[in-house]
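A.B. asks: For reference, the sequence and a predicted model appear below.
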Amino acid sequence: MRVLAAMSGGVDSSVAAALVRDEGHEVVGVTMRLWGGPSDSGCCSVSDVDDARRVAQQLDIEHLVFNFSEDFDRQVVGPYVDDHVRGLTPNPCIECNRHLKFSRLLDRALALGFDAIATGHHARIERTATGPRLARAADRAKDQSYVLHMLDAACLERLLLPIGSMTKDEVRARATALGLRTATKPDSQDVCFITRTDGGRSTFLGDRIGLHPADVVDADGTRLGRIDAVELVTIGQRRGLGVGIDGRPRYAVEVDVPGRRIRVGDVGELDVDGERLGSVTWVDAAARAHALAADDLVGQTSAHGAVVPVASITAVDGGVDIDWARPTRRVAPGQSIVLYDGDLVLGGGIVTPR
């Protein structure tokens, strides 16, 4: 089988490529050039491309570079900026996986005559009676199934996840045994196009949309203070609001970007009985039907957060309504909730106001 192995320049993708090669497949490595600006996250930098190329040399496989920077700017960076204008809290890594690391890459791989793609993500693919399912990784601390929840059955049929059954320590041990230069390389952190050294998110967004001050008010509309940038505040945020002078912790419970106003309240005001999801994707029709009928599913509200029991899921126009089995901390609009049946991903979507 001809396999195009995505190589980010990190240890996980390096070992993934090596494992596929050792299984006897014809492997070609590829690095996607996505972000052309500065990066200090250990992702998408020039050094990462060089590390991937050198590992490919060590493995004696061909190495390609695909320039998807225009797609990345249009489908990831642009929407990220626009979401902040709308008062949302986006997850650009999910959108990068959705549009670039799988859809765009798989289309290119098939056009070039490859049979499958392989990546170094910590997740597994299980075969079930109704088709392939994405499953949690063996290393729960590194599990990435949450950020891959949008992968459908057609993609899973063409996808290899060689390290999903390994722990991170086992991955590094294998890289060391193979003598790979990435064996001790730290994991990438944060958003690749937001640099800490250049002022972080505030500078990045301020250069593109401008940032606006806003009043901080309580439930009665009483003005408690003022902040410099309403676009940087997310639902549930506590720090940086400047309203804790009486010793009572307060949290952002409503962010009104056009109105330049943030309403704060006690932590209890963040508990909700359910959420509405838009932009919902399912592994396949069977997964959707199962989700709407089952009463023992769980939802995961962040990449490594605790799971929450689901009481019911109801289809609504443009998405689904999730009813939690117990009051749960509200998820900021723009973030994703992923639905699981045990360890298997059924689908997920983006939180939107009801």
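C.D. replies: Arrived safely, thanks for sending. Remember, predicted model here, so these are calculated numbers, not experimental data.

A.B. asks: Next, the contact list for residue 290, please.
C.D. replies: 130, 341, 346 (C-beta atoms under 8 Å, 6 or more residues apart in numbering). Heads up, the C-betas are built off the backbone N, CA and C, glycines and all.

A.B. asks: Now name the helix or strand holding it.
C.D. replies: helix 285-293 (DSSP states H and E).

A.B. asks: Give me the mean pLDDT for that helix.
C.D. replies: Per-residue pLDDT over helix 285-293 has a mean of 97.

A.B. asks: what pairs with the helix or strand following that helix, and is each one parallel or antiparallel?
C.D. replies: Sequence order places strand 298-300 as the next helix or strand after helix 285-293, per DSSP H and E. Within its sheet, strand 298-300 is paired with strand 307-316 (antiparallel), strand 336-341 (antiparallel), according to DSSP bridges.

A.B. asks: Among these, show me which one is buried the most.
C.D. replies: A comparison of the strands paired with strand 298-300 by mean neighbour count, using mean count of other C-beta atoms under 10 Å, puts strand 336-341 on top with a mean of 24.

A.B. asks: between that strand and helix 285-293, what angle do the directions make?
C.D. replies: Computed by axes from the mean of the first three to the mean of the last three C-alpha atoms, to 10 degrees, the angle separating strand 336-341 from helix 285-293 equals 90 degrees.

A.B. asks: Which strands or helices does the next helix-or-strand element following strand 336-341 pack on?
C.D. replies: Later in the chain than strand 336-341, the nearest helix or strand by DSSP H and E is strand 344-352. The helices and strands touching strand 344-352, judged by 3 or more C-beta pairs under 8 Å, 6 or more residues apart in numbering; DSSP states H and E, are strand 131-135, strand 271-282, helix 285-293, strand 319-329, strand 336-341.

A.B. asks: okay, the second one in CSV with CA atoms only?
C.D. replies: This file holds the C-alpha atoms of strand 271-282, laid out as CSV (Å, rounded to 0.1, in the frame of the first residue of the first chain):
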residue,chain,number,x,y,z
ASP,A,271,-24.1,26.1,35.3
VAL,A,272,-26.5,25.1,32.6
ASP,A,273,-28.8,22.1,31.9
GLY,A,274,-27.7,21.7,28.3
GLU,A,275,-26.1,23.2,25.2
ARG,A,276,-27.0,23.7,21.6
LEU,A,277,-24.5,22.6,18.9
GLY,A,278,-24.2,23.9,15.4
SER,A,279,-21.9,22.8,12.6
VAL,A,280,-22.5,19.2,13.8
THR,A,281,-20.6,16.4,12.1
TRP,A,282,-21.2,12.6,12.5
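
A.B. asks: Show me which positions of that strand end up buried.
C.D. replies: For strand 271-282, burial by neighbour count (16 or more other C-beta atoms under 10 Å) applies to 274, 275, 276, 277, 280, 281, 282.

A.B. asks: Please apply the same query to stretch 252-268.
C.D. replies: For stretch 252-268, by 16+ other C-beta under 10 Å, it's 252, 253, 254, 255, 257, 261, 262, 263, 264.

A.B. asks: got the contact list for it?
C.D. replies: Contact with stretch 252-268 is made by 84-87, 212-219, 224, 227, 230-231, 233-238, 241, 243, 248-251, 269-270, 330, as judged by C-beta under 8 Å, 6+ apart.
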